[in-house]
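>>> task: produce atomic coordinates for the following.
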Amino acid sequence: MEPTNNHAEREAPTLRAVAQEELRLQSERGERYAERIMTVAHTLRKQKRSLLAFLTDTLKAQLRRKPHPSLLPARA
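Residues are numbered from 1 along each chain as shown. As a prediction, the model looks like this:
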């Protein structure tokens, strides 16, 4: 059994490979960014949420110095 049940964590090696091979990233910092943004995109896709809306809300919150939106699913 895997040590985690976090789907995004289990896919991290795959995301790292995509970042290195597909995007041809040259720096470790660039690879980390690609891993993170792909994890966010994957998480939102599974929740049927918009990546563009999430990123827009995140930037607005940053500019207004407000709390950032959460990746956690909304409570029903």
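
>>> buried residues in the longest helix along the chain?
Counting residues, the longest helix found in the chain (DSSP state H) is helix 28-46. Residues 31, 34-35, 38-40, 42-44 are the ones in helix 28-46 that count as buried (16 or more other Cβ atoms under 10 Å). Placement of C-beta: from N, CA and C, glycine included.

>>> number of nearby residues for the spatially closest residue to L44 that is not a sequence neighbour?
Excluding its sequence neighbours, the residue lying closest to L44 (Cβ to Cβ, 6 or more residues apart in numbering) is L51, at 5.2 Å. If you count neighbours by other Cβ atoms under 10 Å, L51 ends up with 14.

>>> show me the contacts for L51.
40-41, 44-45 (Cβ atoms under 8 Å, 6 or more residues apart in numbering).

>>> closest one to Q62 out of these, please.
Using Cβ to Cβ, V40 is the member of these that sits closest to Q62, with 14.5 Å.

>>> quick one, grab the pLDDT at the spatially closest residue to that closest one that is not a sequence neighbour.
Closest residue to V40 in three dimensions, ignoring its sequence neighbours and counting by Cβ to Cβ, 6+ apart: L71, at 6.5 Å. Here the pLDDT value assigned to L71 is 93.

>>> lowest-pLDDT helix or strand in the protein?
Every helix and strand of the chain was ranked by mean pLDDT, DSSP states H and E. The lowest is helix 7-21, at a mean of 61.

>>> ok so, going back, mind putting the contacts of L51 into CSV with pLDDT?
Output for the contacts of L51, formatted as CSV (pLDDT from 0 to 100):
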residue, pLDDT
V40, 93
A41, 93
L44, 94
R45, 93
